[in-house]
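Student: A predicted structure for the sequence below; I have some questions about it.
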Amino acid sequence: MSEREALIAEIVEETAETAGLTGRATLSPRVLAALRRVPREAFVLAADIAEAYDNAPLPIGYGQTISQPFIVAIMTELLDIAADQSVLEIGTGSGYQAAILVALARQVWSVECVPALAERARAALAEARCANVEIRCGDGAFGWPEHAPYDAIIVTAAAPSIPPALIAQMKPGGRLIAPLGSAFETQSLTLVEKRPSGEIAQRMIMPVAFVPLVSGRG
């Protein structure tokens, strides 16, 4: 079994073990195919290539990390992304999560606050032949209003609450997933749904630990 397949097997097992929290006992075939397609080693630092298929986060510099593969998988799964949908990602980081989203969505728009990481992610995504993705450098708390509304929004850094701009940029019927809580403490992975009426429903999924969302808002 290859390292990638061994990692996927571990993710599948962890998905089953956490089904009581997430409501998902299995990953969809499309999410599994995306995990198989994307080479995680292309998105980690050269010094960490040997650990690329560990089910663990890894540092990518500038105080940021590439997320644990299981967390990438379950956050993606909970968004229920269809092939004709557009997705906004807040926190491009290494570009790995964006590459997974690219395999599922019509278009991915991603915002990164660290210029060097944005540039590195662009290069890694181009090398991985991910065409339907654009990255801008900016404050993720303000989203990317020019392309709103979005069918799905994923936030890959923790904030005490969901920035209002992101709620505004959700399409009715859309989903948003984000870790909510204080920096460098256990946070709650939270799923937000905007009903067709515009009403917001919010559900806590499971405890997680993310780096903080860097923002100048407020």
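Tutor: Received it, and whenever you're ready, just let me know what you need.

Student: ranges for the strands of this protein?
Tutor: 58-61, 64-66, 86-90, 107-112, 133-137, 150-155, 170-180, 187-194, 200-208 (DSSP state E).

Student: Would you check how far apart Leu166 and Thr156 are?
Tutor: Leu166 is 13 Å from Thr156, where distance means Cβ to Cβ, to the nearest Å. Every C-beta, even on glycine, is put in place using the N, C-alpha and C of the backbone.

Student: Same question for Ser67.
Tutor: As for Ser67, its distance to Thr156 is 6 Å (criterion: Cβ to Cβ).

Student: repeat for Ala9
Tutor: Look at Ala9 and Thr156: by Cβ to Cβ, they are 24 Å apart.

Student: still on that earlier bit, so for Leu166 and Thr156, which sits in the more crowded spot?
Tutor: Using other Cβ atoms under 10 Å as the criterion, Leu166 and Thr156 rank with Thr156 on top: 29 against 23.

Student: I'd say that one and Gly95 touch.
Tutor: No - using Cβ atoms under 8 Å, Thr156 is not in contact with Gly95; the gap is 11.0 Å.

Student: still on that earlier bit, Ala123 is nearest to which of the strands of the chain?
Tutor: Closest of those to Ala123 is strand 133-137, at 10.4 Å (criterion: Cβ to Cβ).

Student: tilt between the closest one and strand 107-112?
Tutor: 20 degrees (axes from the mean of the first three to the mean of the last three Cα atoms, to 10 degrees).

Student: which strands and helices sit next to strand 133-137?
Tutor: Applying 3 or more Cβ pairs under 8 Å, 6 or more residues apart in numbering; DSSP states H and E, one finds that strand 133-137 makes contact with helix 96-102, strand 107-112, helix 115-127.

Student: mind checking pLDDT for Pro57?
Tutor: Looking at Pro57, its pLDDT is 96.

Student: for the one 3 residues further on, same thing?
Tutor: The predicted structure scores Ile60 at 96 on the pLDDT scale.

Student: Check the burial of the residue nearest to it when sequence neighbours are not counted by counting its neighbours.
Tutor: Distances taken as Cβ to Cβ, 6 or more residues apart in numbering put Ser94 closest to Ile60, at 4.9 Å, once the chain neighbours are dropped. Applying other Cβ under 10 Å, we find 26 residues neighbouring Ser94.

Student: My read is that Ser94 contacts Pro39, right?
Tutor: No - using Cβ under 8 Å, Ser94 is not in contact with Pro39; the gap is 11.9 Å.

Student: Please report how far Ala165 lies from Gly138.
Tutor: Ala165 sits 12 Å away from Gly138, taking Cβ to Cβ as the criterion.

Student: Which among the strands of the chain is found nearest to Trp144?
Tutor: Of the strands of the chain, nearest to Trp144 by Cβ to Cβ is strand 107-112, at 5.0 Å.

Student: Neighbouring strands - and their directions - for that closest one?
Tutor: Using DSSP bridges, the strands paired with strand 107-112 are strand 86-90 (parallel), strand 133-137 (parallel).

Student: Does Ile100 touch Ala34 like I think?
Tutor: Yes - assessed by Cβ under 8 Å, Ile100 is found in contact with Ala34 at 4.8 Å.
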